[in-house]
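> this one's sequence-less:
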């Protein structure tokens, strides 16, 4: 992980010089990757800010807006630096700070405090704070506060929610705390921030908004949804929307997921198991809602049991669709290989789908061993119908994917297939249910792989697939995968396992993205991912 700021405020430093060239050219590709703080104005901006380029001696670069704020800067009202995709560095890095940032984005600090964050990471709270301040310029509380401010800004500018509803949905403990934070970070009031962003829209009618419980951090007593929200999420173009939506549609579990790839607007919906209760979302990519024209964007509608789950829900949607990827860097690296250049040109901005639930991905991987994706989908749909908790969503899904405890309790009857595979699925379900095995997006990759492969029936393919989708590791190549090797042969690459692994070294650190190109090239069976696993 790079340091908090450039080593010197001079173009003689190569890191500073690269970032300064980016802000001088107002290059949008760098939005979200670093923050530009200007001492002469006291504000911080995104790299593409249209304002006049500041003098180098007045510039300091930070990795996070929280670090800039801690240093005494305020957000630019012109470029809105909070309205950018997240940094792809959290996927590239697997050190403590990167792992911590994934948990902060998931709302762990708001729900469990700094002590809870530290327990999940396996370090003391003091050590976690020290590392984050040293590497990112801000501690976990400041980083979580910045996330709340970003979420609040998105709700203020993108919805008609009442200000009080925005405060609780963004994770603030009180309306006063919300007002103070917005004023301090953005140097304006919440109502003025909304008015400036949408001057032509009338103020919401008095009393309009979602129903918010007295304690926004508690599940509603009736078990029903208490919030319905509609947001537009930022991402970096190009974005291979047809590819990622098709990938998810091919694997959609009946009752849990619903996909629609027809028409100009792509749609995918599913249920979510969130910290405060069940929920659901529908993601679409296309023209703005209600318009047949306009620039395509990524829109998400949410149904939540508690508004306190909004940050976690957004974080999971972003991971699932890989919205924080750096397509320019990925495409440039992979196109340098002549064998991949044509595929990259044909499919720019390819994405590696992530996960909304680690347990689910592990079960999917085990069920799918040695069978096609279509067959795995049939098996998983039967499991969901038999064991999943009912949850009717207006988006179409009707139930949650079974939890580890549900699989452990009822899997003996409903998990079918070869004895070894069945034993492997039941074994991991029981281990996850009793805490013997734990999975999260913030795991250390080596430790996660070791823990998984210690389980009977779990080998390198499964642990690699989990790393690819749960940890969102960008540099995994499942060279033992038969469909991937078939795709390699179709592109003129070696299909021998060792030879392919050797050739793939030149694709680092983007081998997961290269794998997506190889799977696409394995047509006419792009969704078939058979393996040789189950030792």
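Arrived safely. From a predicted model like this one, the values you see are computed outputs, not experimental measurements. Numbers count the residues shown, from 1 in each chain.
> Every contact and neighbour count from this point should use C-alpha atoms.
Noted.
> Flag the shaky bits of the stretch 51-200 of the chain, pLDDT-wise.
The stretch 51-200 of the chain contains residues with pLDDT under 70 at 89-93, 200.
> Strands of that one, start to end?
59-62, 74-75 (DSSP state E, counting those that start in this stretch).
> what pairs with the longest one, and is each one parallel or antiparallel?
Right, the one you point to is strand 59-62. Sheet pairing for strand 59-62, assigned by DSSP bridges, gives strand 35-38 (antiparallel).
> Check which element follows the partner strand along the chain.
The element immediately downstream of strand 35-38 (helix or strand, assigned by DSSP states H and E) is strand 43-45.
> for that following strand, packing partners?
In terms of contacts (3 or more Cα pairs under 8 Å, 6 or more residues apart in numbering; DSSP states H and E), strand 43-45 is packed against strand 35-38, strand 74-75.
> let's go with 10 Å and repeat that
The contact analysis (3 or more Cα pairs under 10 Å, 6 or more residues apart in numbering; DSSP states H and E) places strand 43-45 against strand 35-38, strand 59-62, helix 65-70, strand 74-75.
> would you list the ones you listed in a markdown table and tack on distance to residue 345 and mean neighbour count?
What follows is the helices and strands packed on strand 43-45, written out as a markdown table (distance: least, Cα to Cα, whole Å; neighbours: other Cα atoms under 10 Å):
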| stretch | distance to residue 345 | mean neighbour count |
| --- | --- | --- |
| strand 35-38 | 30 | 26 |
| strand 59-62 | 33 | 24 |
| helix 65-70 | 34 | 25 |
| strand 74-75 | 37 | 23 |
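> just to revisit the earlier point, out of the strands of the stretch 51-200 of the chain, the one nearest residue 123 is which?
Across these, the minimum distance to residue 123, taken as Cα to Cα, is reached by strand 59-62, at 25.0 Å.
> Report the distance from that closest one to the chain centre.
Relative to its chain's centre, strand 59-62 lies at 26 Å (Cα atoms, centre = their mean, to the nearest Å).
> Residue 273 in helix, strand or coil?
Per DSSP: H, G, I helix; E, B strand; the rest coil, the secondary structure class of residue 273 is strand.
> So what's the residue count around residue 454?
Neighbour count of residue 454, defined by other Cα atoms under 10 Å: 11.
> repeat for the one 10 residues further on
The burial metric for residue 464, expressed as a neighbour count using other Cα under 10 Å, is 23.
> and it, what does it touch?
445, 448-449, 452, 470-471, 473, 475-479, 512 (Cα atoms under 10 Å, 6 or more residues apart in numbering).
> Now do the same for it: its pLDDT.
Looking at residue 464, its pLDDT stands at 96.
> what residues are up against residue 347?
Residues near residue 347 by Cα under 10 Å, 6+ apart: 238, 239, 240, 241, 242, 243, 331, 341, 517, 520.
> ok, of these, which come out buried?
With burial judged by 16 or more other Cα atoms under 10 Å, the buried subset of the contacts of residue 347 is 239, 241, 243, 331, 341, 517, 520.
> Could you dump these into CSV and include distance to residue 379 and pLDDT?
Supplementary listing: these in CSV, determined by distance: Cα to Cα, whole Å; pLDDT from 0 to 100:
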residue, distance to residue 379, pLDDT
239, 31, 96
241, 27, 96
243, 24, 96
331, 36, 96
341, 37, 97
517, 27, 97
520, 24, 94
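> now, which of those lie within strands?
With strands taken from DSSP state E, there is no overlap with the buried ones among the contacts of residue 347.
> If we only consider the residues you listed, which is nearest to residue 507?
Checking those against residue 507 by Cα to Cα gives residue 331 as the nearest, at 10.3 Å.
> mind listing what the nearest residue to that closest one once chain neighbours are set aside touches?
Leaving aside its sequence neighbours, residue 331 sits nearest to residue 344 (Cα to Cα, 6 or more residues apart in numbering; 6.3 Å). When contacts are counted by Cα under 10 Å, 6+ apart, residue 344 touches 330, 331, 332, 333, 334, 335, 336, 337, 350, 514, 517.
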